[in-house]
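Fold the stuff below for me.
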Amino acid sequence: MADNLSSFDIEEEELLSLPSHDPLGILSSTRAVVEQGEDVWINRNQLDHLCDVWIQEEKAGLAPPPSAWYEQYHFYDGTERSVNWVLLLDALNFCFWAEKNQPRWTIEYKGEVLNGYWAEAAALTRAIEEGLPLWDAHYLSTISSETMAHIFRGSQTIPLLQKRVANAQEVGRVLLERYDGQFTHAIKKAEGSAVKLVLLLAQDFPSFYDVTSYRNRTVRFFKRAQICVADLHSAFQGKQWGAFSDMDQLTAFADYKLPQVLRHYNVLEYRTTLAERIDNQEILIAGSEEEVAIRAATIWACELLRRAMLQRGRTMTASEVDLRLWLTGQNAGEMRPYHRTRTIYY
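Residues are numbered from 1 along each chain as shown. Now for the predicted structure:
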C-alpha cells in the first residue's frame with residue numbers, strides 16, 4: 001500500500017498538510033480520521049490519473065459546465081422568496097435512496113421522470129407553481145405531514161418523510177424567531193462571508209449541525225450548510241445574496257454520491273469487508289467508524305484533487321471539484337453501489 005495515503009505514510013509524504021487557514025475546522029478534524037482510519041484509503045496514483053482525465057476532458061470540450069446545473073428544476077425569481085426557497089431546498093436535501101431491491105422514489109415533472117436531488121428540487125418548484133408559499137416562514141412553521149406528502153407525491157413515498165416535515169418546520173420557526181422570517185437577514189449578518197454563513201446555519205438551525213465523533217474526536221462535515229451557501233452562490237450567480245468573498249474556504253460536501261464516483265476511479269479504496277457490505281447494499285450506521293471514514297476520505301480526496309489540479313494550472317475550489325464529481329455521478333449505471341446510511345445530513 002505504498003502508493004496509498006494511510007496512517008503509515010501521511011507524515012512522511014505531508015500530502016495531508018493543513019492549509020494555513022481552516023476556518024470551518026473540517027479539514028483538520030477529518031484529517032485525524034484519515035490518519036487513524038483502517039477502512040478507507042486514498043490512492044495517490046489514481047488521484048493523479050483522474051486529474052489527467054479531467055484535463056483531457058477540458059481540452060476536448062467534454063467537461064460539464066459548472067453553473068448550468070442550477071438552471072434546471074429550481075425556483076428562482078431573484079427576490080427574497082428565492083433565498084428562503086433555497087434554504088428549504090437544502091434543509092430537505094438528504095437521503096433519496098431506496099432499500100435493496102426496492103424501487104426509488106420518483107416524480108414526473110414536465111414530461112420527465114426524475115429521482116434523487118433533481119426530483120426534490122422539481123417537487124418543491126412544482127409546489128410553488130401550484131400556489132404553495134414555500135418561501136413563507138409562517139406557512140413552513142406549521143406545515144403538515146399531509147401537505148409534505150402532497151408536495152413529494154410520486155411513484156413511492158420519499159424516504160424519511162417525517163424528518164423532512166420536522167426540518168421544514170424548523171426552517172420556518174427559526175426564521176421567525178431570529179430573522180424576521182427572511183433568510184436574507186442571516187446573509188446580511190454573515191457580511192459576505194461563506195464561512196460565516198455556514199457557521200451561522202450550523203449554530204441556529206439544529207438540523208444543519210452535521211457534526212459527529214470518531215474515536216473520541218469531534219469531526220465536522222457541515223454538508224448541507226455548505227451546499228446551501230454554494231446553492232445561493234449559484235442561484236444568484238455570485239451577486240446580490242449569492243455574493244461571498246471566500247467560497248474557496250469551503251470544503252467538499254461529503255455525501256454518498258461523491259465517494260461512489262471516487263471509488264469508481266479507484267481514488268478511494270475500501271477494506272475488503274467494507275467493500276462487500278457496500279456492494280451488498282447493507283446499511284452503514286450513521287456515525288459508525290466506517291461511515292465517518294468514508295466521508296472524511298471524501299473530503300480529503302477532493303482537497304487533494306483541488307491541489308493537484310492547481311499544480312496543473314487549473315484553479316478550482318473544493319466546491320467546484322465536488323460539483324464535477326457529483327455531475328459525473330448522475331450517470332452512474334456502470335458504477336458500483338454507493339454506501340447506504342439513513343441520515344438527515346446527506
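
So, low pLDDT: which residues of the protein?
Applying pLDDT under 70 to the chain picks out residues 1-14, 66-68.

Going along the chain, name the strands of the protein.
Here the chain has its strands, by DSSP state E, at 4-5, 40-43, 106-109, 112-115, 211-214, 217-220, 268-270.

So which of those strands is nearest R153?
When these are compared by CB to CB, strand 106-109 sits nearest R153, at 7.2 Å. Glycine gets a C-beta too; all of them are placed from N, C-alpha and C.

contacting residues around that closest one?
73, 113-115, 119, 122-123, 125-126, 152-156 (CB atoms under 8 Å, 6 or more residues apart in numbering).

now do stretch 188-205
Counting by CB under 8 Å, 6+ apart, 23-24, 91, 170-171, 174, 178, 186-187, 208-211, 222, 224-226, 228-230, 233, 243-247, 249-250 sit against stretch 188-205.

tell me which residues in that stretch are buried?
Neighbour counts using 16 or more other CB atoms under 10 Å place 190, 193-202, 204-205 of stretch 188-205 among the buried residues.

now, among these, which is nearest to G238?
Nearest to G238 among the buried residues of stretch 188-205, with distances taken as CB to CB, is A194, at 10.9 Å.

Contacts for stretch 30-40 next, please.
By CB under 8 Å, 6+ apart, stretch 30-40 touches 5, 7, 10, 16, 18, 42, 214-215, 217, 219-221, 268-271, 274, 289-290, 292-297, 299-300.

so how many other residues sit close to the residue lying closest to G329 once chain neighbours are set aside?
Distances taken as CB to CB, 6 or more residues apart in numbering place K257 nearest to G329, at 4.1 Å, with adjacent residues excluded. K257 has 24 neighbouring residues, counting by other CB atoms under 10 Å.

same deal with G172?
Based on other CB under 10 Å, the number of other residues close to G172 is 22.

list the contacts for it?
136-143.

Tell me which residue lies nearest the centroid of the protein.
F253 (3.8 Å; CA atoms, centre = their mean).

Would you mind measuring from that residue to R224?
8 Å (CB to CB, to the nearest Å).

hey, what's in contact with both of those two?
Y346.

of the contacts of stretch 188-205, buried ones?
The buried subset of the contacts of stretch 188-205 - by 16+ other CB under 10 Å - is 23-24, 91, 170-171, 174, 186-187, 208, 210, 222, 224-226, 228-230, 233, 244, 246-247, 249-250.

and which of the buried residues of stretch 188-205 is nearest I285?
Among the buried residues of stretch 188-205, and counting by CB to CB, the member closest to I285 is A202, at 22.2 Å.

Helices of the stretch 1-150 of the chain, start to end?
10-13, 26-36, 44-59, 80-91, 116-129, 137-141, 145-151 (DSSP state H, counting those that start in this stretch).

how about the second one as CSV, C-alpha atoms only?
Taking Å, rounded to 0.1, in the frame of the first residue of the first chain, the C-alpha atoms of helix 26-36 are listed here in CSV:
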residue,chain,number,x,y,z
ILE,A,26,-13.5,20.5,8.6
LEU,A,27,-10.1,19.7,7.1
SER,A,28,-8.4,19.4,10.5
SER,A,29,-11.0,17.2,12.1
THR,A,30,-11.3,14.9,9.1
ARG,A,31,-7.6,14.7,8.7
ALA,A,32,-7.4,12.9,12.0
VAL,A,33,-9.8,10.3,10.8
VAL,A,34,-7.9,9.7,7.6
GLU,A,35,-4.7,9.3,9.6
GLN,A,36,-6.2,6.8,12.0
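
I'd assumed L323 was in contact with W69.
Yes: using CB atoms under 8 Å, W69 is in contact with L323, at 7.0 Å.

Neighbour count for these two, which is higher?
L323 (23 against 16).

mind checking how far the more buried one is from P206?
Remark: distance between L323 and P206 (CB to CB) = 27 Å.

Then T157?
Here the criterion is CB to CB. By it, T157 lies 24 Å from P206.

end to end, how far does stretch 76-83 reach?
Start-to-end span of stretch 76-83 (CA to CA, to the nearest Å) is 9 Å.

If you count neighbours, what's buried in that stretch?
Here stretch 76-83 shows 80-83 as buried, counting by 16+ other CB under 10 Å.

which helix is the longest one in the protein?
Looking across the chain with DSSP state H, the single longest helix is helix 289-311.

Direction-wise, compare that helix with helix 26-36 and give the angle.
120 degrees (axes from the mean of the first three to the mean of the last three CA atoms, to 10 degrees).

same for helix 289-311, what does it pack against?
Here helix 289-311 touches helix 26-36, strand 40-43, helix 44-59, strand 211-214, helix 257-264, strand 268-270, helix 318-329, going by 3 or more CB pairs under 8 Å, 6 or more residues apart in numbering; DSSP states H and E.

okay, the strands of the chain, which one's buried deepest?
Burial of the strands of the chain is given as mean neighbour count (mean count of other CB atoms under 10 Å); strand 40-43 ranks first at a mean of 25.
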